[in-house]
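> here is a sequence with its predicted model. Questions after.
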Amino acid sequence: MSWESNGVNVEVDWKPERTLVLLGRTGNGKSATGNSILGETKFLSKTRGRFITKECKLHTSMQPNGQRINVIDTPGLFSASSTPDFTIREIVRCLRLAKDGIDAVILVFSVRN
């Protein structure tokens, strides 16, 4: 797939499936960002930075062009309640969910912090 932007020809490999992983601190809005990417509410999300996501979860959306978008939401990084064992377990879970590879890691920051 290619298109022109500001006089520059842009080439992008079209894949039938893309997998994105959301990373960030607890309460930064990873779940809300995932819902925005998917275009519908699939991840549980609350305002005011409350700890909601307790384990990695994957949700999928089909695009009009037939492309499948997989979004993996992760528990917050640097949480005081996370043990090293929990962190390792969730990294392994995330890698299993992304069995065909990860196309992008999205770092989610809060404008409040």
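Looks like it arrived, so ask away. Numbering: from 1, shown residues only.
> now the longest strand anywhere in the chain, how far from the centre of its chain.
Assignment by DSSP state E gives strand 17-24 as the longest strand of the chain. Mean-position distance between strand 17-24 and its chain equals 4 Å (C-alpha atoms, centre = their mean, to the nearest Å).
> identify each buried residue in that strand, please.
18-24 (16 or more other C-beta atoms under 10 Å). Bear in mind the C-beta positions are built from the backbone N, C-alpha and C, glycine included.
> that one pairs with which strands, and in what direction?
The strands beside strand 17-24 in its sheet (DSSP bridges) come out as strand 68-73 (parallel), strand 104-108 (parallel).
> which residues are contacting the shortest one?
Strand 104-108 is contacted by residues 18-24, 28-30, 33 when judged by C-beta atoms under 8 Å, 6 or more residues apart in numbering.
> next one: stretch 85-95
By C-beta under 8 Å, 6+ apart, stretch 85-95 touches 21, 55-56, 72, 74-75.
> what's the angle from the helix or strand Thr87 falls within to strand 68-73?
Assigned by DSSP states H and E, Thr87 falls within helix 84-97. Relative orientation of helix 84-97 versus strand 68-73 (axes from the mean of the first three to the mean of the last three C-alpha atoms, to 10 degrees): 180 degrees.
> that older thread, CSV for the strands paired with strand 17-24, including mean neighbour count?
Shown next, in CSV, are the strands paired with strand 17-24 (neighbours: other C-beta atoms under 10 Å):
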stretch, mean neighbour count
strand 68-73, 21
strand 104-108, 13
